[in-house]
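K.L.:
Turn this into a model:
(chains A and B)
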Amino acid sequence: AQTVTQSQPEMSVQEAETVTLSCTYDTSESDYYLFWYKQPPSRQMILVIRQEAYKQQNATENRFSVNFQKAAKSFSLKISDSQLGDAAMYFCAYRGNAGNMLTFGGGTRLMVKP
Amino acid sequence: EPEVTQTPSHQVTQMGQEVILRCVPISNHLYFYWYRQILGQKVEFLVSFYNNEISEKSEIFDDQFSVERPDGSNFTLKIRSTKLEDSAMYFCASSPGQGTGGSPLHFGNGTRLTVT
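P.N.:
Got it, this is the predicted structure:
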């Protein structure tokens, strides 16, 4: 079974600075997808970024980028120029190529200091 | 942008009662899901649904749970006899297709279920 681990329960960052959230996973599959979801206080789960395991290039979405290290099974999220609205829970998630199920990590609470 | 909508936002029920959580997935999506998040814990997969049948379910999804798509728009989760440990946030999600596992899931705002 796949597992996803987020080793940082909480992180804080100064507004306008950069922060990196860690995620590692365990799988025997070679083809899979990784996601970062944001959950603000409103509780909605919002997709931040997605990475296909077969792509070597790291995904980027505006201020959000990932560092995908397939051999190390690591998938960290970098948030540049942090804004107050980035404060939320961030969940890393794994999905196999054939399956429906998303496996989530335990989450990292990000606080942004003004 | 189309959204997944869930009702109610908060449901309080007594232990042993049946509860139905409702969801309207995005209209052209084909796959539907329920996840739950017990307070302070990780988000857990319950069930996925495609072509009017369950395609995958977790160990959590026991005989107390059922899902249904009663018409062309709604997708419901029924808990037959609620227990205290069913108290959680329940998220509905939908995705356009399975084609590859990369189809992103679009989540609703969740229904907070409180069992007393």
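K.L.:
where are the low-confidence patches of chain B?
P.N.:
Filtered on pLDDT under 70, chain B yields the residue ranges B:98-102.
K.L.:
switch the cut-off to 90
P.N.:
Along chain B, segments meeting pLDDT under 90 span B:1-3, B:27-28, B:30, B:39-42, B:51, B:70-73, B:95-105.
K.L.:
how close does the residue most central in space within chain A get to chain B?
P.N.:
Centrality entry for chain A: nearest residue to the mean C-alpha point is residue A:36, 3.4 Å, by Cα atoms, centre = their mean. From residue A:36 across to chain B, the span is 11 Å (Cβ to the nearest Cβ, to the nearest Å). C-beta: built from backbone N, CA, C; applies to glycine.
K.L.:
Let me know whether that residue touches residue A:78 as I believe.
P.N.:
No: taking contacts as Cβ atoms under 8 Å, residue A:36 lies outside contact range of residue A:78: 10.3 Å.
K.L.:
what's the overlap in contacts for the two?
P.N.:
Common neighbours of residue A:36 and residue A:78 (criterion: Cβ atoms under 8 Å, 6 or more residues apart in numbering or on different chains): A:21, A:64, A:66.
K.L.:
Closest one of those to residue B:7?
P.N.:
residue A:64 (30.9 Å; Cβ to Cβ).
K.L.:
on that earlier part again, my reading is that the residue nearest to the centre of chain A lies in a helix. Confirm?
P.N.:
No: per DSSP: H, G, I helix; E, B strand; the rest coil, residue A:36 lies outside any helix segment and is strand.
K.L.:
Pull the residues that contact stretch A:50-69.
P.N.:
By Cβ under 8 Å, 6+ apart, stretch A:50-69 touches A:20, A:30-36, A:48-49, A:70, A:74-83, B:102, B:104.
K.L.:
Turn the shared contacts of residue A:36 and residue A:78 into TSV, including pLDDT.
P.N.:
Putting these into TSV (pLDDT from 0 to 100) gives the following:
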residue	pLDDT
A:21	98
A:64	97
A:66	97
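K.L.:
if I look at the residue nearest the centre of chain B, how far off is residue B:91?
P.N.:
The structure's chain B has its C-alpha centroid closest to residue B:34; by Cα atoms, centre = their mean the separation is 2.8 Å. Distance, residue B:34 to residue B:91, using Cβ to Cβ, to the nearest Å: 7 Å.
K.L.:
Please apply the same query to residue A:36.
P.N.:
For residue A:36, the distance to residue B:91 - Cβ to Cβ - is 16 Å.
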